[in-house]
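Undergrad: Next input, structure requested:
(chains A and B)
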Number of protein chains: 2
Amino acid sequence: MNALSRRGFLGALAGAAGTGVLAGGAGGVALERARDGDATVAFDGEHQAGIATPVQGHLHFAAFDVTTTSRAELAGLLRDWTVAARAMCAGRPVGEDGAVDGSPLAPPEDTGEALDAGAGRLTLTVGLGPSLFDGRFGLADRRPPALVDLPAFPGEALDPARCGGDLAVQACADDPQVAVHAIRNLTRIAHGRAAIRWAQLGYGRAASTSPDQPTPRNLFGFKDGTANPGGDDAATLAEHVWVQPDDAAQQHPGAAWMTGGSYLVARRIAMVVETWDRTSLQEQEQVIGRTKGAGAPLGGTHERDEVDEVDPAALPASSHVRLAHPSRHGGARMLRRGFNYVDGSDGLGHLDAGLFFLAYQRDPRHAFVPVQQTLAAQDAMNEYVRHTGSSIWAVPPGTSPEGFWAEGLLTGAG
Amino acid sequence: MNALSRRGFLGALAGAAGTGVLAGGAGGVALERARDGDATVAFDGEHQAGIATPVQGHLHFAAFDVTTTSRAELAGLLRDWTVAARAMCAGRPVGEDGAVDGSPLAPPEDTGEALDAGAGRLTLTVGLGPSLFDGRFGLADRRPPALVDLPAFPGEALDPARCGGDLAVQACADDPQVAVHAIRNLTRIAHGRAAIRWAQLGYGRAASTSPDQPTPRNLFGFKDGTANPGGDDAATLAEHVWVQPDDAAQQHPGAAWMTGGSYLVARRIAMVVETWDRTSLQEQEQVIGRTKGAGAPLGGTHERDEVDEVDPAALPASSHVRLAHPSRHGGARMLRRGFNYVDGSDGLGHLDAGLFFLAYQRDPRHAFVPVQQTLAAQDAMNEYVRHTGSSIWAVPPGTSPEGFWAEGLLTGAG
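TA: Numbering: from 1, shown residues only, chains lettered A, B, ... in the order given. This is a model prediction of the structure:
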């Protein structure tokens, strides 16, 4: 053993980690720094990080069942998680001693696989599922009205093993090892209090929030996210993503803890890529409503041409972009943060692949629910997708440097 | 539609793709270029790319069952695959028309999701399984003696759905979308001739072949690959990785087509990380035989201290590095190219995670087989790993610019 050199090693690590705190909208600069592995995204703030943050390259999303029935233990878990998350997002290991500096006779406090990886723009974002408010923890009267149980949608093929959960953590980072390390260590900290119910990994590309980066393509081969709000568009986020104190839902007694938060809908959308790949280019473009190359709406010329300003005769009424457009839904918009996934093969000679759809919104009753009701009924894309997983989460507001996740729910007056 | 702008788009793409052909050992330069997405690794050469090439960030490995019984169709598949692979590794789409420039009434030739991603240092490496030589294609007398059926090893827990196969493709790239796109398009081209049997995704980090990059860590949190041969160490590769014309196995009638090739053993090694994480630092270090921080062999000081030169009293006889050391196996070495994997959760509250071990070698009878027999019997690490998938592949030599994968096997005189 060599405790001195270890301490030097960890000290150098912590020093490097502090060099590059980035605001949400830094765009190209953030991407450049991320490549060094040492870029950090601020953990504390009015809102949780990982929502308006420019999308990172990798996702590890985990849903947990709470296994204790003690509200004090639940609060302790969220406090312990926050301390660990704050450290990891700063590029530091979990615990006081990290992976290599504690007693040789005890398990290391940090599992160590991200030791020399830096922070990698790690964000950790917590969500609370409807089941957390079922009465086990005396929280039934604090369930916000906007945290609805999602209705059944026509055609969905949900696997219960990929649905629901009491708690969720969304880990995003530019290095997959950093995201995996974070979920693993939070899972370990939860031992005896919560256990993983399901998890999903995915990968992304440079976000469309950075205008000098091309819009990422989904596994249908089409640009996806062209009309997504920018993470630095504060006015749009205030209108469509962040829960506001004067929201009707916030007048509910006990819901005040959600002000500054958001609601997340997560859907695992399997794509039947083999069928899609046998479909003509024209059919593909009519299903999506955009050209495959440039991503322009049919009837338009450029990717960012407005869908509701092109020649309506050129854009099929059943196309995905037309049905999902805000003008069809009272102006409703969501901040989408989806990741492509490939979970190997399905055992039948096909790829098990698709989109892990993540959408943040101010009130799902006026955003995801009506949009998906329209899409499930009419979208030409339905022939090529199957929704196999579903969950909804109340995402509490951000933390002060001394605070912890969902503190307002678990300790506040309601 | 806008055929002109599409052609311009594709032309720009093809132009960008040609700018950065890299030799195998380019190290830091390769990594720098890779970040631009346009770096390409030469496809044709004496050996297949993807073996000595510095390790990329992402893996999509697929095993296929051949579904035709026609040798001509098998040869046609390998020819079609090679043409497509050569295009994709140069950053070009599959086919003449790509994803957006063909007839609108036909399915696009390329699925399109990697259209603006560049080549991303993509390598595609083909392997032939023992079952390909079972007589269906008249190849039984060309099975090289070194392509053994792997023996059963004590303690393995193999899932037949993760073992074997007639053909394999290892896709490695710095962008996961590029690797996924390649396997998807090769799978599509194989339709009616071969189908995916199993697939595995994984991720890596900057390779230890680049001395200015830290050695990657596995999911036990330890540096893994310290003693791996460098991809630019031609003498070591000639001795331990590439099949030589004077090898005893090459004197077998019909085996000449393997000269310049290699043998690949792929093992899916699940790690019981929850148990590992409850183990003391001292126990972890004694199991591995290295310190967790610096990665020095126990009894040594620095990561690259030689395992067989440290104080033997400090290095347990059952430690992984001691048992696997070449000095224990007549000097046998392998070129390891493993990737960490996380396949979500196992349904029991644990991560489904581990190492997808890939090792290239000149003759598995003198490398993987005896090493694994020793490890399976004595390795202290066995308590924390389960081998759940296994396969062995004859990896034919590289191609000339007009040639195709396994041409020597399928068309040569033997």
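
Undergrad: quick one: secondary structure of the residue in the stretch 301-414 of chain A that chain B sits nearest to?
TA: Going by Cβ to the nearest Cβ, chain B is nearest to A:G349 of the stretch 301-414 of chain A, at 3.5 Å. Bear in mind the C-beta positions are built from the backbone N, C-alpha and C, glycine included. Following DSSP: H, G, I helix; E, B strand; the rest coil, A:G349 is assigned to coil.

Undergrad: Indicate whether the helix ranked longest in chain A makes contact with chain B.
TA: Taking DSSP state H as the criterion, chain A has its longest helix at helix A:71-89. No: using Cβ under 8 Å from any Cβ of the partner chain, helix A:71-89 stays clear of chain B, coming no nearer than 13.6 Å.

Undergrad: counting contacts, what elements does that helix pack onto?
TA: Packing partners of helix A:71-89 (3 or more Cβ pairs under 8 Å, 6 or more residues apart in numbering or on different chains; DSSP states H and E): strand A:123-128, helix A:176-189, helix A:407-411.

Undergrad: what's the most buried one of these?
TA: Ranked by mean neighbour count, those are led by strand A:123-128 with a mean of 27 (mean count of other Cβ atoms under 10 Å in any protein chain shown).

Undergrad: and that strand with helix A:176-189, angle?
TA: Angle of strand A:123-128 versus helix A:176-189, following axes from the mean of the first three to the mean of the last three Cα atoms, to 10 degrees, is 40 degrees.

Undergrad: Contacts for strand A:123-128 next, please.
TA: A:41, A:43, A:48-51, A:53, A:56, A:78, A:81, A:85, A:88-89, A:147, A:166-173, A:182, A:186, A:264, A:393-396, A:405-406, A:409 (Cβ atoms under 8 Å, 6 or more residues apart in numbering or on different chains).

Undergrad: Ok, stretch A:154-162 next?
TA: A:W198, A:Q200, A:R268, A:A376, A:A377, A:N382, A:R386, A:H387, A:T388, A:G389, A:S390, B:G347.

Undergrad: Looks to me like the fifth one is in a helix.
TA: Think A:A377. Yes: inclusion of A:A377 in a helix is indicated when three-state DSSP is applied.

Undergrad: tell me the pLDDT at it?
TA: Turning to A:A377, the model gives it a pLDDT of 96.

Undergrad: so who does it touch?
TA: For A:A377, the contacting residues are A:P154, by Cβ under 8 Å, 6+ apart.

Undergrad: if I read this right, the residue of the stretch 301-414 of chain A closest to chain B contacts B:I196, doesn't it?
TA: Yes: assessed by Cβ atoms under 8 Å, A:G349 is found in contact with B:I196 at 5.1 Å.

Undergrad: Which helix or strand contains the residue of the stretch 201-350 of chain A found nearest chain B?
TA: Nearest residue of the stretch 201-350 of chain A to chain B (Cβ to the nearest Cβ) works out as A:G221 at 2.6 Å. Under the criterion DSSP states H and E, no helix or strand holds A:G221.

Undergrad: number of nearby residues for it?
TA: The number of residues packed around A:G221, counting by other Cβ atoms under 10 Å in any protein chain shown, is 27.

Undergrad: just checking, it touches B:A117?
TA: No: counting by Cβ under 8 Å, A:G221 stays clear of B:A117, with 11.3 Å between them.

Undergrad: Spell out which residues of the stretch 251-400 of chain A are next to chain B.
TA: Counting by Cβ under 8 Å from any Cβ, the stretch 251-400 of chain A sits next to chain B at A:273-274, A:277-282, A:284-285, A:291-294, A:296, A:301, A:340, A:342-345, A:347, A:349-351, A:353.

Undergrad: quick one: contacts for the closest residue to chain B within the stretch 51-200 of chain A?
TA: Using Cβ to the nearest Cβ, the closest approach of the stretch 51-200 of chain A to chain B is made by A:G112 at 2.6 Å. Listed by Cβ under 8 Å, 6+ apart, the contact set of A:G112 reads A:P93, A:G98, A:A99, A:V100, B:R217, B:F220, B:G221, B:F222, B:K292.

Undergrad: Enumerate every residue touching the fifth one.
TA: What it means is B:R217. A:G112, A:E113, A:A114, A:L115, A:D116, A:A117, A:Q177, B:R205, B:K223, B:D224.

Undergrad: Neighbour-wise, give me the winner out of those.
TA: Ranked by the number of neighbours (other Cβ under 10 Å), those place A:A114 first, at 29 neighbours.

Undergrad: Please report how far that residue lies from B:R278.
TA: A:A114 is 19 Å from B:R278, where distance means Cβ to Cβ, to the nearest Å.

Undergrad: same check, this time on A:L59
TA: 27 Å.

Undergrad: out of the two, which sits in the more crowded spot?
TA: A:L59 (26 against 11).

Undergrad: Was I right to think the more buried one contacts A:G202?
TA: Yes: look at A:L59 against A:G202 with Cβ under 8 Å: they come within range, at 4.3 Å.

Undergrad: if I look at A:L147, how far off is A:L128?
TA: 8 Å.

Undergrad: A:G349 and B:I196 - which one has more neighbours?
TA: Legend: neighbour count by other Cβ under 10 Å for A:G349 and B:I196, higher for B:I196 (25 against 17).

Undergrad: Dig out what that one forms beta bridges with.
TA: B:I196 has these beta-bridge partners by DSSP bridges: B:F64.

Undergrad: number of nearby residues for the nearest residue to A:E96 once chain neighbours are set aside?
TA: Nearest residue to A:E96, sequence neighbours excluded (Cβ to Cβ, 6 or more residues apart in numbering or on different chains): A:E109, at 6.8 Å. A:E109 has 21 neighbours, counted by other Cβ under 10 Å.

Undergrad: quick one: contacts for A:E109?
TA: Here A:E109 is in contact with A:P93, A:V94, A:G95, A:E96, A:D97, A:G98, A:A99, A:G102 (criterion: Cβ under 8 Å, 6+ apart).

Undergrad: Return a PyMOL selection command for the buried portion of these.
TA: What follows is the PyMOL syntax selecting those of these that are buried according to 16 or more other Cβ atoms under 10 Å in any protein chain shown:
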select buried, chain A and resi 93+94+95+97+98+99+102
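
Undergrad: so is A:G398 in a helix, a strand, or just coil?
TA: Per three-state DSSP, A:G398 ends up coil.

Undergrad: What segments of chain A are helices?
TA: Under DSSP H, chain A gives helices at A:3-17, A:28-34, A:71-89, A:176-189, A:234-240, A:273-276, A:281-288, A:320-324, A:368-378, A:407-411.

Undergrad: Deepest in the core, which of those helices is it.
TA: helix A:176-189 (a mean of 25).

Undergrad: Give the other helices and strands that that one contacts.
TA: Judged by 3+ Cβ pairs under 8 Å, 6+ apart, the packing partners of helix A:176-189 are strand A:58-66, helix A:71-89, strand A:167-173, strand A:194-203, helix B:273-277, strand B:339-345, strand B:351-361.
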